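Colleague: I would like the atomic coordinates for the input below:
(2 chains)
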Amino acid sequence: MGEHRNWPERLHVVTGKGGTGKTSVAAALALGLASGGRRTLLVEVEGRQGIAQLFNLEPLPYAEQRIATTTGGGEVRALAVDPEEALLEYLDMFYKLGAAGRALRKVGAIDFATTIAPGLRDVLLTGKVKEATTRSRDGRRMYDAVVLDAPPTGRIGRFLNVTEETARLVKVGPIKTQSEGVASLLRSPMTAVHVVTLLEEMPVQESVDAIAELNALRIPVGRIIVNGARPALLPAGRVTKAEIKRGLTAAGLPATQGTVSQLAAQAQAHLTRRELEESLRLELAELGRPMVELPQLPDGVDLAGLEQFAARLMRA
Amino acid sequence: MAELTAQRLDVDALLADPAIRIVVCCGSGGVGKTTTAAALGLRAAEVHGRRTVVLTIDPARRLAQSMGLNELDNTPRQVKGIEAAASGGELHAMMLDMKRTFDEVVEQHTTPKRAAEIFANPFYQAMSSTFAGTQEYMAMEKLGQLRAGDEWDLIVVDTPPSRSALDFLDAPARLSRFLDGRMLRLLLAPARTGGRSMFSLVTASFGLFSRAVQKILGAQLLTDLSGFVAALDSMFGGFRQRADQTYRILQDPQTAFLLVAAPERDAVREAAYFAERLVAERMPLSGLVLNRMHQTEPAGLTADQSEAAADQLDTDADLRSAADVLRIHAALLRQTDREVRVAATFTDAFPAVPTTAVAAQPADVHDVDGLRTIGALLA
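Modeller: From the prediction side, this is the model:
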């Protein structure tokens, strides 16, 4: 199997301002990349259980479990990484903790340890993602692609810049080695960070800022994914009340002055909005990254909507 | 047409009430919290004549500039060019500088020499600028400071853009738990507390844990950490106490919590969690602000009707513009309908929480006039 033609990277990190739908886009990407018999892993790290909510599932445990199957025998597994569990798992690899580990958790020591050092928390989270991305089984890799529903644009640079953050505190030892391993994966061609945005001012501004930050960190930026794009209606950019009235009459609908005025006002608001969207689209295009647009769905993003997004993303 | 049936939130009554001294705006990221906070502050000053300060956490650049905030300087600045001559109110605004607030707290409570040691500690540096929770804690600290001065009629607080709105309530407690140092003392001194104590299993694992931490993170880290906590511990006599104080201010009837949401599933779900939590913590929840609600004036056509007519008109090139106008109308009707349904999941669950809806604006707000418009829509 291996990589997808249009999305060759193995680790896809999806970020975006809160409210832009990055979890839905990450899920759609995991679904799309699992087509044709591939296996993908969709990971969340913020304890929000956003994946479970999206797929109408019980809260996800700290285990990789199948949440969807795709054509050709493909599957999407999901994992909600919990930093406490990741730390225990990590310690267990080096030292057999057993009951002691459980006791530590009981007195809150694990919570304490993952809370004291912000970098430690992020190293554990990204370390788990790296482990899944590079894991192999029976001589072939476990996942064809891993999709990470990452923290929002405002925190993405710090989250991914693990070495810098941990180096401030940790000078030696396996955590340092681990953070260096994560850093080199994140800076390799195996990784792409995709930025989800809406055609609204603040999300676009944050996308621009985040991409500049990622560039400065030498972390590869993949695509800009514009979510909630609206169809380009009224291509001429104008319409008269007379035209509206003629249309209503031709369709056999009431063409009272009130109706015509309402429709004209709504059309005008649409055109104003579209002009703003167009200038934001240009601003994004100037960043020089490939752009994909996902349509606004009339009923919000449900499972059928995810399939639709997945298909659209894979064609891009 | 679908409409919200919830009880209407009387924002003007809230802003005019001299007994209300603090308004906290909370909600998930990207719902317009900062804009709402700024608009409330402006209206309190202009319409209700109150001496108001808005504490913003991480405002969008242009919104900050609209209030004359060009840098993060942690000091309230008077907002110029507002129309408060008649009412006699004032509007001040400030952006929280988390690190500087933390530094100030340290400086206030210790000698300059001790403060310099703390500032040089790598743990302090990491924690004061990046610790998950420091921002929330420092927002509360700043709120406590502003309130203690008794200089303001009204303080409007914008809460940090947390991964979840609930962090805002939990983080100060988490930080104070850490700084209290009990856990750390256990961690650093397993030998002394060991032996026959009832916690023998616990302390035994602490010994193990501490050794593991030493191996994994290095002994230097534990030394830095213990130095940091010892320094803070000695001068504060309990961060927890401070967090508790702030918590009590939040529970006081002088405080009004406003939930801010946009009509999207995630934002509304987050608002519902927050409402449950506020009720459980006996915090004064005053209402819900629903931003970016689309509205349609009734034009006498249903969405289905409009779409069917649009498809019919498409066959005639001269009528395609009219067809598009009908599609715009249908999309707006469906969107309005969806937004009201989403919002109803909150209002059905919390029928006693009054609600106000703010119509979606064609462009983002970045000047005082825009804030005034939002303020008028809120009220």
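
Colleague: and the longest helix along chain A, average pLDDT?
Modeller: Using DSSP state H to define each element, chain A has its longest helix at helix A:257-285. The average pLDDT within helix A:257-285 is 93.

Colleague: Can you spell out which helices and strands pack onto that helix?
Modeller: helix A:201-216, strand A:221-229, helix A:241-250, helix B:320-349 (3 or more Cβ pairs under 8 Å, 6 or more residues apart in numbering or on different chains; DSSP states H and E). Any C-beta I mention is one placed from the backbone N, CA and C, and that applies to glycine too.

Colleague: tell me the angle that helix makes with helix A:201-216.
Modeller: On the basis of axes from the mean of the first three to the mean of the last three Cα atoms, to 10 degrees, helix A:257-285 is oriented at 10 degrees to helix A:201-216.

Colleague: Now whatever helix or strand comes next after helix A:257-285: buried residues?
Modeller: Sequence order places strand A:291-295 as the next helix or strand after helix A:257-285, per DSSP states H and E. Buried residues in strand A:291-295, counted by 16 or more other Cβ atoms under 10 Å in any protein chain shown: A:Val292, A:Glu293, A:Leu294.

Colleague: Just list the residues touching the first one, thanks.
Modeller: Contact criterion Cβ atoms under 8 Å, 6 or more residues apart in numbering or on different chains gives A:Arg223, A:Ile224, A:Ile225, A:Val226, A:Arg312, A:Leu313, A:Ala316 as the residues in contact with A:Val292.

Colleague: Can you pick out the most distant pair from those?
Modeller: Largest separation among these by Cβ to Cβ: A:Ile224 and A:Arg312, giving 14.5 Å.

Colleague: out of those two, which sits in the busier spot?
Modeller: Just comparing A:Ile224 and A:Arg312: by other Cβ atoms under 10 Å in any protein chain shown the higher neighbour count belongs to A:Ile224, 24 against 16.

Colleague: That one pairs with what?
Modeller: A:Val195, A:Met291 (DSSP bridges).

Colleague: Which residues are in contact with it?
Modeller: A:Ile224 is in contact with A:His194, A:Val195, A:Thr197, A:Ser207, A:Ile211, A:Leu284, A:Leu287, A:Arg289, A:Pro290, A:Met291, A:Val292, counting by Cβ under 8 Å, 6+ apart.

Colleague: if you set the cut-off to 10 Å instead, what comes out?
Modeller: Applying Cβ atoms under 10 Å, 6 or more residues apart in numbering or on different chains to A:Ile224 gives the contacts A:16, A:194-197, A:204, A:207-208, A:211, A:281, A:284-285, A:287-293.

Colleague: These, buried ones only, as a ChimeraX selection?
Modeller: Selecting only the buried entries of the contacts of A:Ile224 in ChimeraX, with 16+ other Cβ under 10 Å as the criterion:
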select /A:16,194,195,196,197,204,207,208,211,281,284,287,289,292,293
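
Colleague: Not counting its neighbours along the chain, what's nearest the closest residue to chain A within the stretch 251-379 of chain B?
Modeller: Among all residues of the stretch 251-379 of chain B, B:Ala322 sits closest to chain A, at 2.3 Å; criterion: Cβ to the nearest Cβ. Using Cβ to Cβ, 6 or more residues apart in numbering or on different chains and skipping residues adjacent in sequence, the residue nearest B:Ala322 is A:Gly247, 2.3 Å away.

Colleague: Give me the neighbour count for that neighbour.
Modeller: Neighbour count for A:Gly247, taken as other Cβ under 10 Å: 28.

Colleague: Would you mind measuring from it to B:Gln335?
Modeller: Taking Cβ to Cβ, to the nearest Å as the measure, A:Gly247 and B:Gln335 are separated by 21 Å.

Colleague: Surely B:Ile328 touches A:Arg230?
Modeller: Yes - at 9.3 Å, B:Ile328 and A:Arg230 qualify as touching, with contact defined as Cβ atoms under 10 Å.

Colleague: Now for the two: what residues contact both?
Modeller: Shared contacts of B:Ile328 and A:Arg230 (Cβ under 10 Å, 6+ apart): A:His270.
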